[in-house]
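Trainee: here is my input; please provide its structure:
(2 chains)
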Amino acid sequence: MSVVTGRAKKGNRLPMLAQAGPVSLWMIVFVTLPMLFIIFISFMSRGTFGGVEYTPSMESYETMMEITYFHVITKSIGVAAETTIACLLVGYPFAYYIARKPADVASRLITLLMIPFWTNSLMRLNAWMLIFQTNGPVNNFLVNVNLIEKPITFIFTDGLVLLGLITNYLPFAVLPMYSSIEKLEKPVLEASADLGANPRQTLLKVTLPLTIPGIFSAIILTFIPALGTYVITDMLGGGKVLYIGNIIKNQFGTIRNWPLGAALSVLLLAITALMLFLYSRFAKVEDMEVV
Amino acid sequence: MKKTIVALKGVDKWYGNNHVVKNLNLEVAEGEFLTLLGPSGCGKTTTLRMIAGFEDASAGRIEVQGESVDEKEPYQRDVNTVFQSYSLFPHMNVFDNIAYGPRIKKVPKEQIERDVEEMLRLVQMTGYEKRKPDALSGGQKQRIAIARALINNPRVLLLDEPLGALDLKLRKQMQIELKRLQRKLGITFIYVTHDQEEAMSMSDRIAVMKDGVILQLDKPTEIYNRPNCRFVADFIGESNILSGVVTLAEDDLLTVQTQSGTVKTKGAGFEKGEEIDISVRTESLSCSAEPTEEFCIKAKIRDFTNMGTVTKTSLILPDGKEIRMSTFEQDPNLSEGQEVYVSWKPEKSTPIHRDKKEAESCQ
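Mentor: Below you'll find the predicted structure:
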């Protein structure tokens, strides 16, 4: 026994490598290296027939400064922010409601929340399209009850894109906030009431401040993916409405301007990194609710 | 009799089919230190939570200062609670925790600062304003919790096993401090505990509860010396309980035939032929090598246990029942295995009715 422990103490790294090695290797090969490569090619020039020409250039970043791209970027950030705020406003009361239910009811409600999340996203988005198309059920209903005269064009509009984004990312907002609210100790809330605080004061002074880590996680988990998404915006926006995610996809795809796509990706990475940095400043690591 | 400040009138509490508080009637006088004492699950905490407003009574009426509070939410009631788990706000420092109540009530800032300082002095925590609850020990947290409740000048302070999580030494110290604080401020304390020693040392009156019923409500000494049923006798202090039949009742002096011999006890309202229990405190027993004059029963010494301040002697009666005696010093004339004669002063024992309803609920 003592021989074995003695050897281990001398620095037998094999068990450690066996545990952390495969994951680390996976992450390095499939995440870190591609990411470094993206950053690398963002500083290269565009090949004449697409692809990358390996001569250093700031061309892509200069293009990014053009007013069109600036508009797309600010618009994307705006839509992502709207999605996040809507998810928080809808998600927090919902998370609070679930967290105050007995465990069995809570788990059923969470399952209900997760069913659309587990549904194939193409199916889900196509369903939205069918429901909201010009002669779809929503328009038919509105015309039949005489609320409108002519069908409204919902599809391929900013509004439908926003609705799609909100419904898609709502579970990501609810889950961390739920776990944060669920951890609240009931006696702390009772103490607040006991000291004369009405329910609104308790919410503002105790419940919200104590669930900030969950709210921050919810922001991170909705804002970052909402900023980078292209499937939802592509399908519900029909490619007519341009977002940063679609532009990146198009640069790597049809337009074949890889350095510009890479530069825009680097911008997204920078925004993500900034948000994570802010998050880590405000929340302790053990409080992080990223599920 | 002082003015009644809290009154419970026929209060019932059901959790589904579980009847946890049964037709409870209780009046607490102004400035009184009243303890609800009982084993876990006896309904004492539920009773306290109903007064605070965290639970609704299923039936009956709760009055504070002569006014029904049944329709009032917890935040509308003039009572404050000290919780067993302290329940300090973890995101606020000590100052903000204590200032929570006055800030809600929009007390001027300078006034709050003065009051918080005074409260910190009162609980001997001056200088801890900036600390977060996480950086406090259990005893310190409890002091802050008490200060946070007291700053609101409540007419009644409800304490739910506030010392339950503290170690023995600190608990003893806090008991004394709490009692002094209560005397000094003249606030009514309703205190919940399962610790009979704590109840004995602090209370003006104790309500011993079991299964949602108050069995006995009296001064600590009365409860100790005159338990009205077997459960109270057993729960408070250490008692030996012998069963027998009254063979002679002269005035208040009863002669009782037990399985182990004839004994005497004193108590009013007992009749010849009645089956009763006799409760004798361990410290009221005495034993000697020779039979005593008035009465005695034979026993055999099993062993001695030194508890520090007292020595406990375990004795086996002829019918095999074990009784315990505590003395300050071990009698050098006695040894293990010796046959001795046990007796007590009749007035130092308490006869308890067997057939009464309350006695039944004690079983």
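Trainee: alpha carbons only for contacts and neighbour counts from here, please
Mentor: Will do.
Trainee: for chain B, what lies in contact range of chain A?
Mentor: Within chain B, the positions adjacent to chain A are B:52, B:54, B:74-77, B:79-81, B:83, B:85, B:87-91, B:100-101, B:104-105, B:149, B:152 by CA under 8 Å from any CA of the partner chain.
Trainee: gap between the residue most central in space within chain A and chain B?
Mentor: Residue closest to the average C-alpha location in chain A (CA atoms, centre = their mean): A:Pro225, at 2.8 Å. Distance, A:Pro225 to chain B, using CA to the nearest CA, to the nearest Å: 30 Å.
Trainee: distance of that residue from A:Thr74?
Mentor: A:Pro225 is 16 Å from A:Thr74, where distance means CA to CA, to the nearest Å.
Trainee: one more: A:Ile110?
Mentor: In this structure, A:Ile110 and A:Thr74 are 34 Å apart, going by CA to CA.
Trainee: next, the buried residues of the longest strand seen in chain A.
Mentor: Assignment by DSSP state E gives strand A:52-56 as the longest strand of chain A. For strand A:52-56, the buried set under the neighbour-count rule, 16 or more other CA atoms under 10 Å in any protein chain shown, comprises A:52-53.
Trainee: chain center to it: distance?
Mentor: The gap between where strand A:52-56 is centred and where its chain is centred comes out at 32 Å by CA atoms, centre = their mean, to the nearest Å.
Trainee: phi, psi of residue 133?
Mentor: Reading this off chain A. With angles defined as degrees, to the nearest 10, A:Gln133 sits at phi -70, psi 170.
Trainee: and the closest residue to it other than its chain neighbours, how close does it get to A:Lys249?
Mentor: Nearest in space to A:Gln133, with sequence neighbours left out and distances taken as CA to CA, 6 or more residues apart in numbering or on different chains, is A:Ile155 at 6.1 Å. Computed with CA to CA, the distance linking A:Ile155 and A:Lys249 is 21 Å.
Trainee: for the residue of the stretch 151-291 of chain A found nearest chain B, what are its contacts?
Mentor: Across the stretch 151-291 of chain A, the shortest distance to chain B (CA to the nearest CA) belongs to A:Gly196, at 4.0 Å. With contact set as CA atoms under 8 Å, 6 or more residues apart in numbering or on different chains, A:Gly196 has these partners: B:74-77, B:101, B:104-105.
Trainee: try B:Asp160
Mentor: For B:Asp160, the contact set (CA under 8 Å, 6+ apart) comprises B:45, B:48, B:81-84, B:191-193.
Trainee: what residue in chain B comes nearest to chain A?
Mentor: Closest approach between chain B and chain A, counting by CA to the nearest CA: B:Tyr75, at 4.0 Å.
Trainee: give me the nearest residue to that residue, chain neighbours excluded.
Mentor: Excluding the flanking residues, the one nearest B:Tyr75 by CA to CA, 6+ apart is A:Gly196, at 4.0 Å.
Trainee: so the one you found lies in a helix, does it not?
Mentor: No - applying DSSP: H, G, I helix; E, B strand; the rest coil, one finds A:Gly196 to be coil, outside a helix.
Trainee: give me phi/psi at it?
Mentor: Taking degrees, to the nearest 10 as the convention, A:Gly196 sits at phi 100, psi 10.
Trainee: quick one on the thing from earlier: neighbouring strands - and their directions - for the longest strand of chain A?
Mentor: Applying DSSP bridges, strand A:52-56 is found paired with strand A:44-46 (antiparallel).
Trainee: do you know the pLDDT at residue 186?
Mentor: Chain wasn't specified; assuming chain A. For A:Lys186, the pLDDT comes out at 88.
Trainee: chain B is the one I meant
Mentor: With respect to pLDDT, B:Gly186 has a value of 91.
Trainee: let me see the contact set for it.
Mentor: The neighbourhood of B:Gly186, defined by CA under 8 Å, 6+ apart, consists of B:31-32.
Trainee: any idea how far it is from B:Glu32?
Mentor: Taken as CA to CA, the spacing of B:Gly186 relative to B:Glu32 amounts to 8 Å.
Trainee: and if you look at B:Leu157?
Mentor: The span separating B:Leu157 from B:Glu32 equals 11 Å under the rule CA to CA.
Trainee: joint contacts of those two?
Mentor: Common contact partners of B:Leu157 and B:Glu32 (CA under 8 Å, 6+ apart): B:187-189.
Trainee: which one of those residues is nearest B:Arg143?
Mentor: Sorting those by distance to B:Arg143 puts B:Phe189 at the head of the list, at 15.5 Å, by CA to CA.
Trainee: bridging residues for the closest one?
Mentor: As for beta bridges, B:Phe189 partners with B:Phe33, B:Leu157 under DSSP bridges.
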